[in-house]
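Undergrad: sequence and predicted structure are below.
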Amino acid sequence: MTKKTGAEKNDQEKTRLDLLSPIWIEGVGRVLTFGAKKYAAHNWRKGIAQSRLLGAALRHVFAFLGGEDNDPESGLSHLLHASCCLQFAFELHRDRPELDDRWKPETGKKMR
């Protein structure tokens, strides 16, 4: 119960979307806007192989680790670009399992 008004809202078990960073969400939106102009809105939903999305995410992370803050083509943060790639990979992994082209070790063998 809200102390000031007495109103009730039973949302204690709901996902806390208010904890997301508005700066990050807006930045990801900028990257998606750039991508929509370059390719098409929702182009990624047509399907992209996991290996390509994860490779792109890693390239952006490695560029950032190498001291380059922003993607030269878009002028936006490499970390925001990597976030988009990971978003795409997550959703397509969930919804389009046929696009999962990751290498997997033989059954019973563990990677080191």
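TA: Right, received. Where do you want to start? Worth saying up front: this structure is predicted, and the values here are computed from it rather than measured.

Undergrad: the strand or helix carrying Phe64: how far from the chain's middle?
TA: For Phe64, the host element (DSSP states H and E) is helix 50-65. For helix 50-65, the gap between its own C-alpha mean and the chain's C-alpha mean amounts to 11 Å (CA atoms, centre = their mean, to the nearest Å).

Undergrad: now Asn70: phi and psi?
TA: Torsion angles at Asn70 (phi, psi; degrees, to the nearest 10) stand at phi -120, psi 150.

Undergrad: tell me what it is bridged to.
TA: Here Asn70 sits in beta bridges with Ser77, going by DSSP bridges.

Undergrad: dump the residue contacts of the closest residue to Cys85 other than its chain neighbours.
TA: With CB to CB, 6 or more residues apart in numbering as the measure, Ala57 is the residue that lies nearest to Cys85, at 3.7 Å, once sequence neighbours are left out. (C-beta placed from N, C-alpha, C; glycine too.) By CB atoms under 8 Å, 6 or more residues apart in numbering, the residues touching Ala57 are His81, Ala82, Cys85, Leu86, Ala89.

Undergrad: in contact with the residue most central in space within the chain, which residues?
TA: Most central residue of the chain, judged by C-alpha distance to the mean C-alpha position with CA atoms, centre = their mean, is Gln87 at 2.4 Å. When contacts are counted by CB under 8 Å, 6+ apart, Gln87 is found next to Val28.

Undergrad: can you start the count at 29 instead of 1 from here on
TA: I'll keep to 29 as the first residue from here, and by that count the last item is Gln115.

Undergrad: element containing it?
TA: helix 106-123.

Undergrad: so which bits of that helix are buried?
TA: Residues 106-117, 120 are the ones in helix 106-123 that count as buried (16 or more other CB atoms under 10 Å).

Undergrad: over to stretch 75-94?
TA: In terms of neighbour count (16+ other CB under 10 Å), stretch 75-94 has its buried residues at Ile76, Ala77, Gln78, Leu81, Leu82, Ala84, Ala85, His88, Val89, Ala91, Phe92.

Undergrad: just the pLDDT for the last one.
TA: Same thing as Phe92. The per-residue pLDDT reported for Phe92 equals 98.

Undergrad: this completes my enquiry, with thanks.
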